[in-house]
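K.L.:
generate coordinates for the sequence data below:
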Amino acid sequence: MIPGPRNLITDVPGLMVGNAQDDTLKSGTTVMLGEDPMTAAYCVMGGAPGTRETDLLEPDKSVAQVDAIVLSGGSTYGLDAASGVVAGLRNQGRGFALHTLRIPLVPAAILFDLLNGGDKDWTDNPYPDLGRAALDDAGTEFSLGSVGAGTGALTGMEKGGLGSASLVLDSGITVGALIAANPVGSVTTPGGRYFWAAPFEIDGEFGGLGPDPRSGLGRNIESRKLAAFEQRANTTIGIVATDVDLTKSQAKRVATVAHDGLARAILPSHLPNDGDLVFAASTNRRRMHAPQTDLREIGHAAALCVARATARAIYHARPAPGDLLPCWSAGTLPEQV
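P.N.:
Numbers count the residues shown, from 1 in each chain. Okay, the predicted model is just below:
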């Protein structure tokens, strides 16, 4: 396995990603769009999720494919970002065909960033416009860090962000991940220098420092965020994707296995006050020739990509006025770089 040419989820053929954010609001939205409808599923392992149109992704439901998936800040308000995406897709003639109608299907998940120091005193909900702007921004190249749904994200110890990574399997199958990291737990070991995900890093993609040389870690986890904010001010959300044709049941299994990547990159993860959720999507560009082998390798690659994407989200985060927590990159830890 090697990373794709961009080391982004858009290495999966047929995918585009767009970001939109408001730096005064300290929040934003990310949309992943398929050139064609995508097979999709999801798995929630956190105790406090916020979602829209996820029930239709269950294997026993009749909806076969979706047009886009939205990740957003804003907690409950951010779910309306999907409304902006739906409106934009309708204008493009996209959506499920029903007689003369087109009905875009856009599941969404949100993270809580309402207490991050941004100006939340709006009159009209800003998230529909952010969703529409993210859709208009969609392409194969996109930025990481303090952008889109990761704009106002915070981890236990540092500023969070938006991350992505990919792998191309020996079989030619491509797998990618897109993560908006906002957990109560930490992505770095005590002291903030090393990433928990370091054993899975490829080619120095989040600093190349390697694993923490100390042992016995993980027994005492400090969280600046938990000390400062309300208990539910968290959640890491994301998407894993592949170009192999998956059924909804197979996609759900991939989404489930992909959560291993969160557990490798965030300590602790999947807590009652996290809403951790992973979508899985397929662009159906390739046939699955060896179902058991292919599905096993896709799930494993998805988990690896999730761990790497989570660390990259924090690595690429950048400071902004009014930040409540430091950035890993900001020089607040002198020995880092």
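
K.L.:
next, the contact list for Asp67, please.
P.N.:
With contacts defined as CB atoms under 8 Å, 6 or more residues apart in numbering, the neighbours of Asp67 are Leu33, Gly34, Pro37, Met38, Leu89, Arg94, Gly95, Pro104, Leu105, Val106. (Glycine included, C-beta is placed from N, CA and C.)

K.L.:
likewise for Ser269?
P.N.:
Ser269 touches Pro183, Gly185, Thr236, Leu262, Ala263, Asp276, counting by CB under 8 Å, 6+ apart.

K.L.:
state the distance from Asn320 to Ser83.
P.N.:
Actually, residue 320 is Ala. It isn't Asn. For Ala320, the distance to Ser83 equals 27 Å [CB to CB, to the nearest Å].

K.L.:
rewinding a little: from the contacts of Ser269, pick the one nearest Gln21.
P.N.:
Thr236 (17.8 Å; CB to CB).

K.L.:
tell me, how many residues neighbour that closest one?
P.N.:
32 (other CB atoms under 10 Å).

K.L.:
how near is it to Gln65?
P.N.:
From Thr236 across to Gln65, the span is 25 Å (CB to CB).

K.L.:
got the residue ranges for the helices in the chain?
P.N.:
With DSSP state H applied, the chain shows helices at 75-78, 81-91, 127-136, 224-228, 248-265, 291-315, listed in chain order.

K.L.:
any weak-confidence spans in the stretch 101-250 of the chain?
P.N.:
229-233 (pLDDT under 70).

K.L.:
show me where it has strands.
P.N.:
Counting by DSSP state E, counting those that start in this stretch, residue ranges of the strands within the stretch 101-250 of the chain are 101-103, 108-110, 161-168, 174-181, 237-244.

K.L.:
how far off centre is the first one?
P.N.:
A distance of 28 Å separates the C-alpha centroid of strand 101-103 from that of its chain, computed with CA atoms, centre = their mean, to the nearest Å.

K.L.:
I'd like to know which elements that strand is packed against.
P.N.:
In terms of contact count using 3 or more CB pairs under 8 Å, 6 or more residues apart in numbering; DSSP states H and E, strand 101-103 is assigned no packing partners among helices or strands.

K.L.:
what does that strand rub up against?
P.N.:
Contacts to strand 101-103, defined as CB under 8 Å, 6+ apart, come from residues Arg90, Gly93, Arg94, Gly95, Phe96.

K.L.:
neighbours of the closest residue to the last one other than its chain neighbours, how many?
P.N.:
Across the structure, with CB to CB, 6 or more residues apart in numbering as the measure, the residue nearest Phe96 apart from its sequence neighbours is Ile103 (4.6 Å). Number of residues near Ile103 (other CB under 10 Å) recorded here: 13.

K.L.:
what's the answer for the one 4 residues further on, then?
P.N.:
Neighbours of Pro107 under the rule other CB under 10 Å: 24.

K.L.:
contacting residues for it?
P.N.:
Listed by CB under 8 Å, 6+ apart, the contact partners of Pro107 are 40, 42, 51-54, 56-57, 66, 69-70, 82, 279.

K.L.:
Ile221 and Gly275, how far apart?
P.N.:
Here the distance between Ile221 and Gly275 works out to 19 Å (CB to CB).

K.L.:
so which of these two has more stuff around it?
P.N.:
Neighbours around Ile221 and Gly275, counted as other CB under 10 Å, are more numerous at Gly275. The numbers are 27 against 16.
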